[in-house]
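Peer 1: this one's sequence-less:
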C-alpha cells in the first residue's frame, strides 16, 4: 500500500486535469441547446454568471470561428493562454524534479 501511495503522490494529477479539460472542451458541441453545467451559480438558481459560455467560446475558438467565440465570451483566448502556460510550467517542473530530461 505504501508503494501505491508513493506512486500516487508522484503522479502529476494537475497536469492530467488540465490536459483532460482541454480535451473535453474540444469534444464539446457549442451549438447544442442543452448542456451539463458545473457552474455553482447556475446550480444555485442564478441566471447570470461571469464564466458561463467560456467553454463553448473556447471550443468555437479552437474551430476557427473567431467572431462567434468573441460574441459568446471575449476571454476565451486569455483562458487558452493561461491554461497552456500552466501546462507548460507543470511539464517544466516535472522534468526538473523527476529528472526526465
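Peer 2: That came through fine. Predicted, not measured: the structure shown is a model, and the values here were computed from it.
Peer 1: nearest spatial neighbour of the residue most central in space within the chain, chain-adjacent residues omitted?
Peer 2: In the chain, the residue lying closest to the centroid (Cα atoms, centre = their mean) is residue 21, at 3.8 Å. Distances taken as Cβ to Cβ, 6 or more residues apart in numbering put residue 83 closest to residue 21, at 7.3 Å, once the chain neighbours are dropped. C-beta: built from backbone N, CA, C; applies to glycine.
Peer 1: which ones are touching the nearest residue to residue 73 once chain neighbours are set aside?
Peer 2: Spatial nearest neighbour of residue 73, excluding adjacent residues (Cβ to Cβ, 6+ apart): residue 57 at 3.7 Å. Residue 57 makes contact with 30, 69-70, 72-73, 75-76 under the criterion Cβ atoms under 8 Å, 6 or more residues apart in numbering.
Peer 1: number of residues surrounding residue 12?
Peer 2: Using other Cβ atoms under 10 Å, residue 12 has 15 other residues around it.
Peer 1: residues contacting it?
Peer 2: 90, 94.
Peer 1: any idea how far residue 20 is from it?
Peer 2: 12 Å (Cβ to Cβ, to the nearest Å).
Peer 1: swap in residue 54?
Peer 2: Applying Cβ to Cβ to residue 54 and residue 20 gives a distance of 17 Å.
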